[in-house]
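Enquirer: this is the structure alone, sequence omitted:
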Ligand code: NAD
């Protein structure tokens, strides 16, 4: 089966990047969100990120309009999903919201359509049960920022077919990404390893071991990480980090994954990182 038309659901941090890379590589994209403002913001972000790629010589100036014209935005899920070969869901990291989206989108998509979730941590096997096609359901976990990061972690649910996995691997390669296939356990590989590190960095700040700048500098210069863990948490979104840690904590039943109280408090206060202008650092 050839994938040509994509529906990306959710146009936030990840959704706009996913729409961007598919359009950049010639796919026709329907970008859906419940929030019209989020769609407008996504188009502005994509335009700005294309300008960045033009400066770097990755995209030609004359291609920009064509790429943007491949993306149609809508708040009507049926409209966006009715004619596509692949759905990539990138809505808020909440199983309740995702359940509602998958139950609804299953009604609209054609029989052959593959449904993928960009979830950072929620069980792919569980999410598949909200659709009518667990063999054609898979995790397609892009990394942030999507236009820059090479990895796509592909997560096979319990019922995901070999054919679906192969199509999604090939699709990721067509986006000039490197697919890595993993099995479906809490946090998969990426967040099972990353989130405990971020949580530990937040604990170090909470316990007064060092300042945020000191913690990030130790990890940047000492471990050769391009970004310190606290700054990275701001980029990911502190609400997203908290949601992933809760999945790890509940999924393994192990207190080592318990989210740091400081993270919980910052999310309660609405300081979610880059997307709200304030997290561990200020972005205004
Ligand atoms: P975000 O909060 O930036 O964006 C979520 C978007 O979903 C919002 O625009 C919201 O309006 C929209 N939305 C909510 N309910 C909806 C619905 N019913 N229908 C359509 N749209 C709806 O979140 P994000 O950071 O882009 O995360 C999206 C998904 O990607 C999550 O599952 C997250 O775990 C995953 N993810 C995030 C990162 C990251 O670094 N932020 C990295 C990899 C994966």
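Expert: Cool, got the structure. Quick caveat, the model's predicted, so the values are computed rather than measured. Numbering: from 1, shown residues only.
Enquirer: which parts of the stretch 151-284 of the chain sit against the ligand?
Expert: Contact residues (Cβ under 6 Å from any ligand atom) of the stretch 151-284 of the chain with the ligand: 236, 237, 240, 275. C-betas here are computed from N, CA, C, even on glycine.
Enquirer: and the helices in the stretch 1-150 of the chain, which stretches?
Expert: Along the stretch 1-150 of the chain, counting by DSSP state H, counting those that start in this stretch, helices occupy 13-24, 36-55, 64-69, 77-81, 95-108, 124-128.
Enquirer: most tightly surrounded among those helices?
Expert: Stretch with highest mean neighbour count among the helices of the stretch 1-150 of the chain: helix 13-24 (a mean of 26; mean count of other Cβ atoms under 10 Å).
Enquirer: wait, does that one contact the ligand?
Expert: Yes - using Cβ under 6 Å from any ligand atom, helix 13-24 reaches the ligand at 13, 14, 15.
Enquirer: mind putting those in TSV, pLDDT included?
Expert: Output for the residues of helix 13-24 next to the ligand, formatted as TSV (pLDDT from 0 to 100):
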residue	pLDDT
13	91
14	96
15	98
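Enquirer: burial count for the residue of the stretch 151-284 of the chain found nearest the ligand?
Expert: For the stretch 151-284 of the chain and the ligand, the shortest gap (Cβ to the nearest ligand atom) falls at residue 236, measuring 3.8 Å. When neighbours are defined as other Cβ atoms under 10 Å, residue 236 has 25 of them.
Enquirer: just list the residues touching it, thanks.
Expert: With contacts taken as Cβ atoms under 8 Å, 6 or more residues apart in numbering, residue 236 has the following neighbours: 144, 198, 273.
Enquirer: got it, and residue 75?
Expert: Contacts of residue 75 by Cβ under 8 Å, 6+ apart are 32, 33, 34, 35, 36, 39.
Enquirer: so what's the gap between the helix or strand containing residue 164 and the chain middle?
Expert: Element membership for residue 164 (DSSP states H and E) is helix 162-174. Distance, stretch centre to chain centre, for helix 162-174: 18 Å (Cα atoms, centre = their mean, to the nearest Å).
Enquirer: now for it, which elements pack on it?
Expert: strand 114-117, strand 137-142, strand 151-156, strand 178-183 (3 or more Cβ pairs under 8 Å, 6 or more residues apart in numbering; DSSP states H and E).
Enquirer: which helices and strands sit right next to the first one?
Expert: I take that to be strand 114-117. Counting contacts by 3+ Cβ pairs under 8 Å, 6+ apart, strand 114-117 is packed against strand 86-89, helix 95-108, strand 137-142, helix 162-174.
Enquirer: let's see it at 6 Å
Expert: strand 86-89, strand 137-142 (3 or more Cβ pairs under 6 Å, 6 or more residues apart in numbering; DSSP states H and E).
Enquirer: show me what the shortest one is in contact with.
Expert: The one in question is strand 86-89. Applying Cβ atoms under 6 Å, 6 or more residues apart in numbering, the contact partners of strand 86-89 are 3, 6-9, 18, 101, 105, 114-118, 140.
Enquirer: that older thread, could you pull out the buried residues of the helix holding residue 164?
Expert: Judged by neighbour count using 16 or more other Cβ atoms under 10 Å, the buried positions of helix 162-174 are 164, 165, 167, 168, 169, 171, 172.
Enquirer: not counting its own residues, what contacts it?
Expert: So helix 162-174 is contacted by 3, 25, 114, 136, 138, 140, 152, 154, 156, 179 (Cβ under 6 Å, 6+ apart).
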